[in-house]
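Participant: The following block contains a protein sequence and its predicted model.
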Amino acid sequence: MTIKYEDLHRLTTKQQAALNKAEERAEAITESSLGLWDISFRDETRPGRGHDITAWYADGEHLVVQYLDPYGSGPLVVSSLDLIHNDDDEEHFNDEGNCGCPGGDS
């Protein structure tokens, strides 16, 4: 499982199982391995029930998002990314250090 240890205890058993399944599906779709899920937790609507979550992973080529309620239900979204700007890509900039992106003159 690729869930950060500190997030694992906050997930319901059904959410953990759903994220495992989502990881398998996303890896089959993208034909690559996912890293760690980043997870945001919504406030509990009924204390003790569990949190609705949004889990996501991005690697520069794909963005994978899994929305889950406390019962492990919710859509998986897999996107292919079209990179527009990257500060770490030296080839993206001209000799003066400027890029051609809107507002990307430095």
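Facilitator: Received, thanks.
Participant: What does Glu96 show for phi and psi?
Facilitator: phi -90, psi 0 (degrees, to the nearest 10).
Participant: and whichever strand or helix holds Ile29, how far out from the chain's middle?
Facilitator: Per DSSP states H and E: Ile29 is located in helix 13-30. Its chain's average C-alpha position is 12 Å from that of helix 13-30, according to Cα atoms, centre = their mean, to the nearest Å.
Participant: Tell me which residues are up against it.
Facilitator: By Cβ atoms under 8 Å, 6 or more residues apart in numbering, the surrounding residues in contact with helix 13-30 are 1-3, 8, 11, 33-34, 37, 50, 53, 55, 57, 61-62, 64, 66, 68, 70-74, 76, 78. Heads up, the C-betas are built off the backbone N, CA and C, glycines and all.
Participant: now, which of these lie within helices?
Facilitator: Leu8 (DSSP state H).
Participant: Which of the contacts of helix 13-30 are buried? Put it as a ChimeraX command.
Facilitator: Remark: buried members of the contacts of helix 13-30, expressed as a ChimeraX selection using 16 or more other Cβ atoms under 10 Å:
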select :3,11,34,37,50,53,55,57,62,64,66,68,70,72,74,76,78
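Participant: Of the contacts of helix 13-30, which belong to strands?
Facilitator: Per DSSP state E, strands hold the following members of the contacts of helix 13-30: 53, 55, 57, 62, 64, 66, 68, 76, 78.
Participant: Not counting residues beside it along the chain, what's closest to Gly50?
Facilitator: Of all residues not flanking Gly50 in the chain, Pro70 sits nearest, at 3.0 Å (Cβ to Cβ, 6 or more residues apart in numbering).
Participant: from memory the one you found sits against Pro47, does it?
Facilitator: No. Counting by Cβ atoms under 8 Å, Pro70 sits too far from Pro47 to count as a contact (11.7 Å).
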